[in-house]
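In: this one's structure only:
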Ligand code: MTE
Ligand code: MO
(Lines give C-alpha, C1' and ligand atoms only; values in the text may rest on other atoms or scores of the structure.)
(Ligands and ions follow the chains in the order given, each with its own letter.)
Protein backbone atom coordinates (compact mmCIF):
# COMPACT_ATOMS: atom_id res chain seq x y z
CA UNK A 1 0.00 0.00 0.00
CA UNK A 2 3.05 2.32 0.23
CA UNK A 3 2.93 2.37 -3.58
CA UNK A 4 -0.80 3.11 -3.96
CA UNK A 5 -0.27 6.71 -5.09
CA UNK A 6 2.29 6.45 -7.86
CA UNK A 7 1.67 8.69 -10.93
CA UNK A 8 1.05 7.61 -14.53
CA UNK A 9 4.34 7.22 -16.40
CA UNK A 10 5.09 7.29 -20.09
CA UNK A 11 4.71 3.72 -21.38
CA UNK A 12 7.84 4.18 -23.52
CA UNK A 13 10.04 4.16 -20.41
CA UNK A 14 11.73 0.75 -20.08
CA UNK A 15 10.78 -0.44 -16.60
CA UNK A 16 13.68 -1.82 -14.56
CA UNK A 17 11.72 -2.02 -11.32
CA UNK A 18 8.08 -1.10 -10.55
CA UNK A 19 8.29 -0.52 -6.78
CA UNK A 20 10.21 1.68 -6.27
CA UNK A 21 9.87 2.92 -9.84
CA UNK A 22 13.00 2.75 -12.01
CA UNK A 23 12.53 3.46 -15.70
CA UNK A 24 15.07 3.94 -18.46
CA UNK A 25 14.87 6.17 -21.56
CA UNK A 26 15.05 4.15 -24.81
CA UNK A 27 18.31 4.81 -26.66
CA UNK A 28 16.46 5.89 -29.81
CA UNK A 29 14.68 8.67 -27.90
CA UNK A 30 17.92 9.94 -26.32
CA UNK A 31 19.45 10.01 -29.80
CA UNK A 32 16.66 12.26 -31.06
CA UNK A 33 17.34 15.44 -29.08
CA UNK A 34 19.93 17.42 -27.17
CA UNK A 35 17.37 18.18 -24.44
CA UNK A 36 15.79 15.05 -23.00
CA UNK A 37 11.98 15.46 -22.79
CA UNK A 38 10.87 15.62 -19.12
CA UNK A 39 8.31 12.81 -19.37
CA UNK A 40 10.89 10.54 -21.04
CA UNK A 41 13.86 11.36 -18.79
CA UNK A 42 14.92 8.27 -16.83
CA UNK A 43 13.46 7.91 -13.34
CA UNK A 44 15.38 6.48 -10.41
CA UNK A 45 13.37 6.31 -7.17
CA UNK A 46 14.48 4.39 -4.08
CA UNK A 47 11.25 4.82 -2.13
CA UNK A 48 7.54 5.51 -2.69
CA UNK A 49 6.72 8.91 -4.21
CA UNK A 50 6.01 11.40 -1.39
CA UNK A 51 2.41 12.61 -1.20
CA UNK A 52 0.78 16.01 -0.86
CA UNK A 53 3.68 18.32 -1.77
CA UNK A 54 2.73 21.59 -3.52
CA UNK A 55 4.76 24.50 -4.88
CA UNK A 56 2.58 26.96 -2.91
CA UNK A 57 3.01 25.30 0.48
CA UNK A 58 6.46 23.76 0.19
CA UNK A 59 9.36 24.93 2.31
CA UNK A 60 12.87 23.80 3.08
CA UNK A 61 14.88 24.20 6.28
CA UNK A 62 18.54 25.14 6.29
CA UNK A 63 20.29 24.13 9.48
CA UNK A 64 23.67 23.21 10.92
CA UNK A 65 26.85 24.28 12.62
CA UNK A 66 27.08 28.04 12.81
CA UNK A 67 23.76 28.79 11.10
CA UNK A 68 20.99 27.65 13.45
CA UNK A 69 17.79 26.73 11.60
CA UNK A 70 16.00 28.84 9.00
CA UNK A 71 12.88 27.88 7.10
CA UNK A 72 12.55 29.19 3.56
CA UNK A 73 9.34 28.74 1.60
CA UNK A 74 9.52 27.95 -2.09
CA UNK A 75 7.69 31.22 -2.97
CA UNK A 76 10.38 33.05 -0.94
CA UNK A 77 13.17 31.24 -2.77
CA UNK A 78 11.57 32.28 -6.06
CA UNK A 79 11.17 35.93 -5.10
CA UNK A 80 14.31 36.62 -3.06
CA UNK A 81 17.03 35.12 -5.23
CA UNK A 82 18.18 35.46 -8.83
CA UNK A 83 16.85 32.72 -11.05
CA UNK A 84 19.23 30.91 -13.37
CA UNK A 85 18.82 28.06 -15.88
CA UNK A 86 21.29 25.77 -17.62
CA UNK A 87 21.49 22.33 -19.17
CA UNK A 88 22.94 19.68 -16.91
CA UNK A 89 23.29 15.92 -17.15
CA UNK A 90 21.85 13.67 -14.48
CA UNK A 91 23.48 10.26 -14.70
CA UNK A 92 22.78 7.36 -12.38
CA UNK A 93 25.95 5.64 -11.14
CA UNK A 94 24.28 2.44 -12.39
CA UNK A 95 24.12 3.70 -16.00
CA UNK A 96 25.38 0.88 -18.32
CA UNK A 97 25.48 -1.56 -15.39
CA UNK A 98 24.19 -4.36 -17.68
CA UNK A 99 27.64 -4.40 -19.35
CA UNK A 100 29.38 -4.79 -15.99
CA UNK A 101 26.98 -7.52 -14.96
CA UNK A 102 27.69 -9.39 -18.20
CA UNK A 103 31.39 -9.39 -17.33
CA UNK A 104 31.03 -10.59 -13.74
CA UNK A 105 28.25 -10.79 -11.14
CA UNK A 106 27.36 -7.41 -9.60
CA UNK A 107 25.13 -6.63 -6.66
CA UNK A 108 23.24 -3.62 -8.04
CA UNK A 109 19.86 -4.87 -9.20
CA UNK A 110 18.76 -2.65 -12.09
CA UNK A 111 20.50 -3.82 -15.29
CA UNK A 112 20.48 -0.37 -16.91
CA UNK A 113 21.67 0.12 -20.46
CA UNK A 114 22.90 3.58 -21.52
CA UNK A 115 19.54 5.29 -20.88
CA UNK A 116 19.98 5.99 -17.14
CA UNK A 117 21.25 9.41 -18.15
CA UNK A 118 19.51 12.54 -19.44
CA UNK A 119 20.30 16.14 -20.30
CA UNK A 120 17.66 18.68 -19.26
CA UNK A 121 17.35 22.45 -18.83
CA UNK A 122 17.06 23.02 -15.09
CA UNK A 123 15.87 26.30 -13.53
CA UNK A 124 16.13 27.57 -9.97
CA UNK A 125 18.39 29.51 -7.61
CA UNK A 126 21.98 28.85 -6.61
CA UNK A 127 22.50 27.23 -3.22
CA UNK A 128 25.55 29.47 -2.88
CA UNK A 129 23.37 32.60 -3.01
CA UNK A 130 20.99 31.21 -0.41
CA UNK A 131 23.82 30.22 1.94
CA UNK A 132 25.52 33.58 1.46
CA UNK A 133 22.36 35.46 2.42
CA UNK A 134 21.81 33.36 5.54
CA UNK A 135 25.40 33.12 6.50
CA UNK A 136 27.77 35.63 4.87
CA UNK A 137 30.86 34.18 6.58
CA UNK A 138 30.10 30.78 5.01
CA UNK A 139 31.72 31.91 1.80
CA UNK A 140 35.05 32.19 3.55
CA UNK A 141 36.23 28.63 3.91
CA UNK A 142 39.16 29.79 6.04
CA UNK A 143 36.72 31.20 8.60
CA UNK A 144 36.90 29.28 11.89
CA UNK A 145 33.10 29.02 12.12
CA UNK A 146 32.41 28.01 8.57
CA UNK A 147 35.34 25.65 8.32
CA UNK A 148 33.71 23.35 10.85
CA UNK A 149 31.13 22.44 8.26
CA UNK A 150 32.67 20.27 5.57
CA UNK A 151 29.60 18.79 3.90
CA UNK A 152 26.10 19.75 2.85
CA UNK A 153 23.47 17.07 3.44
CA UNK A 154 20.25 17.12 1.42
CA UNK A 155 17.19 15.27 2.70
CA UNK A 156 14.17 14.37 0.57
CA UNK A 157 10.51 14.08 1.61
CA UNK A 158 10.31 10.47 0.39
CA UNK A 159 10.53 7.92 3.15
CA UNK A 160 10.83 4.20 3.60
CA UNK A 161 7.35 2.77 4.27
CA UNK A 162 8.42 0.60 7.18
CA UNK A 163 11.44 2.28 8.75
CA UNK A 164 10.37 5.87 8.06
CA UNK A 165 13.91 6.74 6.88
CA UNK A 166 14.10 9.62 4.40
CA UNK A 167 16.30 9.53 1.29
CA UNK A 168 19.41 11.67 1.65
CA UNK A 169 22.86 12.36 0.26
CA UNK A 170 25.63 14.89 0.74
CA UNK A 171 28.30 16.77 -1.20
CA UNK A 172 31.47 18.53 -0.03
CA UNK A 173 30.78 22.12 1.10
CA UNK A 174 33.45 23.33 -1.37
CA UNK A 175 31.23 22.31 -4.28
CA UNK A 176 28.23 24.13 -2.80
CA UNK A 177 30.23 27.33 -2.24
CA UNK A 178 32.27 27.26 -5.46
CA UNK A 179 31.28 30.28 -7.62
CA UNK A 180 31.73 27.93 -10.61
CA UNK A 181 29.92 25.02 -8.95
CA UNK A 182 26.40 25.99 -10.07
CA UNK A 183 24.71 23.88 -7.38
CA UNK A 184 21.02 24.59 -7.89
CA UNK A 185 17.83 24.51 -5.83
CA UNK A 186 15.66 23.64 -8.78
CA UNK A 187 11.91 23.86 -9.46
CA UNK A 188 11.86 23.91 -13.24
CA UNK A 189 12.72 21.29 -15.88
CA UNK A 190 12.76 22.21 -19.59
CA UNK A 191 10.87 25.44 -18.84
CA UNK A 192 7.97 23.79 -17.00
CA UNK A 193 7.27 22.86 -13.39
CA UNK A 194 9.11 19.69 -12.28
CA UNK A 195 7.14 16.47 -12.78
CA UNK A 196 6.37 14.52 -9.58
CA UNK A 197 8.91 11.80 -10.44
CA UNK A 198 11.70 14.33 -10.96
CA UNK A 199 11.24 15.98 -7.59
CA UNK A 200 8.26 18.37 -7.70
CA UNK A 201 8.16 20.88 -6.17
CA UNK A 202 11.91 21.26 -5.44
CA UNK A 203 15.08 19.23 -6.03
CA UNK A 204 18.84 19.59 -6.05
CA UNK A 205 20.85 19.76 -9.26
CA UNK A 206 24.55 19.14 -8.56
CA UNK A 207 26.20 19.61 -11.97
CA UNK A 208 29.01 17.22 -12.82
CA UNK A 209 28.25 14.94 -9.88
CA UNK A 210 26.55 11.56 -9.63
CA UNK A 211 22.73 11.39 -9.77
CA UNK A 212 22.45 9.97 -6.25
CA UNK A 213 23.31 13.30 -4.57
CA UNK A 214 20.79 15.30 -6.63
CA UNK A 215 18.10 14.87 -4.01
CA UNK A 216 14.49 15.17 -5.18
CA UNK A 217 11.51 16.44 -3.09
CA UNK A 218 14.05 18.46 -1.09
CA UNK A 219 12.91 19.26 2.45
CA UNK A 220 16.05 19.85 4.53
CA UNK A 221 19.58 21.15 3.98
CA UNK A 222 22.11 20.50 6.75
CA UNK A 223 25.61 21.94 6.96
CA UNK A 224 27.57 19.24 8.69
CA UNK A 225 31.02 18.25 9.88
CA UNK A 226 30.40 14.74 8.55
CA UNK A 227 29.06 13.51 5.25
CA UNK A 228 25.61 11.89 5.22
CA UNK A 229 25.50 8.72 7.31
CA UNK A 230 22.67 7.26 5.20
CA UNK A 231 23.24 3.92 3.43
CA UNK A 232 23.15 5.65 0.03
CA UNK A 233 26.24 7.61 1.05
CA UNK A 234 28.03 5.06 3.23
CA UNK A 235 27.50 1.94 1.12
CA UNK A 236 25.43 1.91 -2.04
CA UNK A 237 27.13 4.69 -4.00
CA UNK A 238 30.76 3.93 -3.18
CA UNK A 239 33.28 2.46 -5.59
CA UNK A 240 34.60 -0.80 -4.19
CA UNK A 241 38.04 -2.01 -5.30
CA UNK A 242 38.17 -4.89 -7.76
CA UNK A 243 39.39 -7.27 -5.05
CA UNK A 244 35.93 -7.10 -3.47
CA UNK A 245 33.74 -9.68 -5.20
CA UNK A 246 31.06 -10.45 -2.58
CA UNK A 247 29.20 -9.12 0.47
CA UNK A 248 31.80 -10.40 2.88
CA UNK A 249 34.49 -8.45 1.06
CA UNK A 250 32.28 -5.36 1.03
CA UNK A 251 32.19 -5.44 4.83
CA UNK A 252 35.94 -6.07 5.11
CA UNK A 253 39.12 -4.04 5.30
CA UNK A 254 38.92 -2.64 1.77
CA UNK A 255 35.13 -2.49 1.74
CA UNK A 256 32.58 0.33 2.04
CA UNK A 257 34.10 1.87 5.13
CA UNK A 258 37.47 2.64 3.56
CA UNK A 259 36.33 3.82 0.11
CA UNK A 260 35.17 7.32 -0.87
CA UNK A 261 31.56 7.98 -1.88
CA UNK A 262 31.02 8.70 -5.57
CA UNK A 263 30.79 12.43 -6.36
CA UNK A 264 32.36 13.78 -9.59
CA UNK A 265 31.72 11.40 -12.48
CA UNK A 266 34.28 10.11 -15.02
CA UNK A 267 34.34 10.72 -18.80
CA UNK A 268 31.58 8.80 -20.52
CA UNK A 269 30.21 8.13 -24.01
CA UNK A 270 27.78 5.63 -25.49
CA UNK A 271 26.30 4.66 -28.83
CA UNK A 272 22.54 5.23 -29.08
CA UNK A 273 21.85 4.28 -32.71
CA UNK A 274 22.00 1.90 -34.54
CA UNK A 275 20.17 -0.36 -32.14
CA UNK A 276 21.88 -3.47 -30.76
CA UNK A 277 21.37 -6.45 -33.06
CA UNK A 278 20.80 -4.45 -36.28
CA UNK A 279 21.63 -6.62 -39.33
CA UNK A 280 23.47 -5.21 -42.40
CA UNK A 281 24.10 -6.88 -45.76
CA UNK A 282 27.56 -8.47 -45.85
CA UNK A 283 28.27 -6.58 -49.08
CA UNK A 284 27.75 -3.19 -47.37
CA UNK A 285 30.05 -0.54 -48.79
CA UNK A 286 28.23 2.52 -47.45
CA UNK A 287 29.29 3.79 -44.04
CA UNK A 288 27.06 3.21 -41.03
CA UNK A 289 25.63 6.33 -39.40
CA UNK A 290 26.25 6.18 -35.64
CA UNK A 291 24.90 8.59 -33.03
CA UNK A 292 25.56 8.96 -29.34
CA UNK A 293 26.29 11.15 -26.37
CA UNK A 294 29.52 12.10 -24.58
CA UNK A 295 29.97 13.83 -21.26
CA UNK A 296 32.48 14.23 -18.47
CA UNK A 297 32.10 15.01 -14.77
CA UNK A 298 33.38 18.09 -12.99
CA UNK A 299 32.37 20.36 -15.88
CA UNK A 300 35.11 19.15 -18.27
CA UNK A 301 34.15 19.76 -21.92
CA UNK A 302 34.35 16.88 -24.38
CA UNK A 303 37.30 17.42 -26.72
CA UNK A 304 36.86 14.48 -29.09
CA UNK A 305 34.90 11.30 -29.77
CA UNK A 306 36.38 8.41 -31.81
CA UNK A 307 34.37 5.59 -33.37
CA UNK A 308 35.57 2.24 -34.74
CA UNK A 309 33.90 -0.63 -36.58
CA UNK A 310 36.86 -3.02 -36.25
CA UNK A 311 37.44 -3.20 -32.53
CA UNK A 312 39.80 -0.24 -32.46
CA UNK A 313 42.25 -0.97 -35.33
CA UNK A 314 40.97 2.01 -37.30
CA UNK A 315 39.07 5.02 -36.00
CA UNK A 316 36.80 7.74 -37.35
CA UNK A 317 36.57 11.14 -35.60
CA UNK A 318 32.92 11.97 -34.81
CA UNK A 319 31.34 15.38 -35.57
CA UNK A 320 29.60 17.13 -32.74
CA UNK A 321 25.87 17.54 -33.43
CA UNK A 322 25.42 19.88 -30.48
CA UNK A 323 27.83 21.22 -27.91
CA UNK A 324 27.23 24.27 -25.77
CA UNK A 325 29.81 27.00 -25.65
CA UNK A 326 30.56 27.24 -21.94
CA UNK A 327 33.72 27.86 -19.95
CA UNK A 328 35.88 24.85 -19.16
CA UNK A 329 34.98 23.54 -15.72
CA UNK A 330 31.34 24.55 -16.20
CA UNK A 331 30.31 22.34 -19.12
CA UNK A 332 27.40 20.57 -17.46
CA UNK A 333 25.53 19.52 -20.60
CA UNK A 334 26.40 16.54 -22.74
CA UNK A 335 27.77 16.71 -26.27
CA UNK A 336 25.76 14.86 -28.90
CA UNK A 337 27.74 13.45 -31.81
CA UNK A 338 27.47 11.43 -35.00
CA UNK A 339 29.88 9.62 -37.27
CA UNK A 340 29.72 7.76 -40.58
CA UNK A 341 31.81 4.69 -39.98
CA UNK A 342 32.99 2.41 -42.80
CA UNK A 343 33.00 -1.34 -42.17
CA UNK A 344 36.57 -2.35 -43.10
CA UNK A 345 37.10 -4.97 -45.83
CA UNK A 346 38.41 -7.90 -43.75
CA UNK A 347 35.34 -7.60 -41.52
CA UNK A 348 32.97 -7.52 -44.52
CA UNK A 349 34.29 -10.77 -46.00
CA UNK A 350 34.13 -12.52 -42.63
CA UNK A 351 30.45 -11.63 -42.05
CA UNK A 352 28.67 -12.55 -38.85
CA UNK A 353 28.74 -10.54 -35.63
CA UNK A 354 30.74 -7.34 -35.28
CA UNK A 355 30.75 -4.35 -33.00
CA UNK A 356 30.98 -0.60 -33.31
CA UNK A 357 32.74 1.05 -30.37
CA UNK A 358 33.19 4.66 -29.28
CA UNK A 359 35.39 6.50 -26.83
CA UNK A 360 35.41 10.11 -25.72
CA UNK A 361 38.27 12.28 -24.49
CA UNK A 362 37.62 15.30 -22.28
CA UNK A 363 39.53 18.59 -22.17
CA UNK A 364 41.81 17.20 -19.45
CA UNK A 365 42.71 14.29 -21.80
CA UNK A 366 40.86 11.75 -19.66
CA UNK A 367 39.60 8.93 -21.81
CA UNK A 368 37.60 5.73 -21.39
CA UNK A 369 39.17 2.33 -20.73
CA UNK A 370 38.78 -0.26 -23.48
CA UNK A 371 37.47 -3.14 -21.40
CA UNK A 372 34.82 -3.22 -18.72
CA UNK A 373 37.18 -5.47 -16.75
CA UNK A 374 39.28 -2.35 -16.01
CA UNK A 375 36.43 -0.68 -14.11
CA UNK A 376 34.26 -3.59 -12.92
CA UNK A 377 33.19 -3.28 -9.30
CA UNK A 378 30.85 -5.32 -7.12
CA UNK A 379 28.13 -2.64 -6.97
CA UNK A 380 28.20 -2.17 -10.75
CA UNK A 381 28.85 1.59 -10.62
CA UNK A 382 30.36 4.08 -13.06
CA UNK A 383 30.62 1.79 -16.07
CA UNK A 384 32.53 3.96 -18.55
CA UNK A 385 34.47 1.55 -20.72
CA UNK A 386 34.26 2.08 -24.52
CA UNK A 387 30.66 2.41 -25.67
CA UNK A 388 29.72 -0.69 -27.64
CA UNK A 389 26.91 -1.81 -29.90
CA UNK A 390 26.76 -5.41 -31.19
CA UNK A 391 25.69 -5.67 -34.86
CA UNK A 392 25.61 -8.36 -37.61
CA UNK A 393 26.59 -8.77 -41.25
CA UNK A 394 24.58 -11.29 -43.23
N1 LIG B 1 16.16 11.88 -4.36
C2 LIG B 1 15.25 11.31 -3.54
N3 LIG B 1 14.61 12.09 -2.64
N4 LIG B 1 14.97 9.98 -3.61
C5 LIG B 1 15.61 9.16 -4.52
O6 LIG B 1 15.32 7.96 -4.56
N7 LIG B 1 17.33 9.00 -6.28
C8 LIG B 1 18.62 9.57 -6.69
C9 LIG B 1 18.46 11.04 -7.08
N10 LIG B 1 17.69 11.75 -6.09
C11 LIG B 1 16.59 9.73 -5.38
C12 LIG B 1 16.81 11.13 -5.28
C13 LIG B 1 19.27 8.86 -7.80
S14 LIG B 1 20.15 7.46 -7.40
C15 LIG B 1 19.30 9.38 -9.07
S16 LIG B 1 20.19 8.62 -10.29
C17 LIG B 1 18.58 10.62 -9.42
O18 LIG B 1 17.80 11.10 -8.32
C19 LIG B 1 17.65 10.39 -10.59
O20 LIG B 1 16.92 11.56 -10.89
P21 LIG B 1 15.69 11.45 -11.88
O22 LIG B 1 14.75 10.38 -11.34
O23 LIG B 1 15.07 12.80 -11.94
O24 LIG B 1 16.25 11.02 -13.21
MO1 MO C 1 21.18 6.66 -9.25
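Out: Ah, there it is. Predicted model, so just to flag it, every value in this text is computed and none were measured. Ligands and ions are numbered 1, 2, ... in the order given.

In: report pLDDT for the residue most central in space within the chain.
Out: Relative to the mean C-alpha position of the chain, the nearest C-alpha, by CA atoms, centre = their mean, is the one of residue 91, at 1.5 Å. What the model reports for residue 91 is a pLDDT of 98.

In: which residues touch it?
Out: Shown here is residue 91, whose contacts under the criterion CB atoms under 8 Å, 6 or more residues apart in numbering are 116, 117, 210, 211, 265, 268, 295. Quick note: C-beta positions are derived from backbone N, CA and C, even for glycine.

In: could you measure from the first one over to ligand 2?
Out: What it means is residue 116. 7 Å (CB to the ion, to the nearest Å).

In: so what's that residue up against?
Out: Under the criterion of CB under 8 Å, 6+ apart, the contact partners of residue 116 comprise 24, 42, 44, 91, 92, 94, 95, 96, 97, 110, 211.

In: break the protein into its domains for me.
Out: By the record's domain assignment, the chain is partitioned as 14-258, 268-393 (automatic domain parsing).

In: does ligand 1 sit close to the longest one?
Out: So the one you mean is domain 14-258. Yes: Domain 14-258 comes into contact with ligand 1 (CB under 6 Å from any ligand atom), by way of 41-47, 90, 92, 156, 158, 167, 197-198, 211-212, 214-217.

In: span of that domain from start to end?
Out: With CA to CA, to the nearest Å applied, domain 14-258 spans 35 Å between its terminal residues.

In: in the stretch 151-300 of the chain, which spans are strands?
Out: Listed in chain order, the strands of the stretch 151-300 of the chain (DSSP state E, counting those that start in this stretch) span residues 151-159, 166-172, 184-189, 192-193, 203-205, 218-224, 268-273, 279-280, 288-295.

In: turn those strands into JSON lines, columns for mean neighbour count and mean pLDDT.
Out: As requested, the strands of the stretch 151-300 of the chain are exported to JSON lines (neighbours: other CB atoms under 10 Å; pLDDT from 0 to 100):
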{"stretch": "strand 151-159", "mean neighbour count": "23", "mean pLDDT": "97"}
{"stretch": "strand 166-172", "mean neighbour count": "23", "mean pLDDT": "98"}
{"stretch": "strand 184-189", "mean neighbour count": "24", "mean pLDDT": "98"}
{"stretch": "strand 192-193", "mean neighbour count": "12", "mean pLDDT": "98"}
{"stretch": "strand 203-205", "mean neighbour count": "24", "mean pLDDT": "99"}
{"stretch": "strand 218-224", "mean neighbour count": "21", "mean pLDDT": "96"}
{"stretch": "strand 268-273", "mean neighbour count": "25", "mean pLDDT": "98"}
{"stretch": "strand 279-280", "mean neighbour count": "14", "mean pLDDT": "95"}
{"stretch": "strand 288-295", "mean neighbour count": "24", "mean pLDDT": "98"}
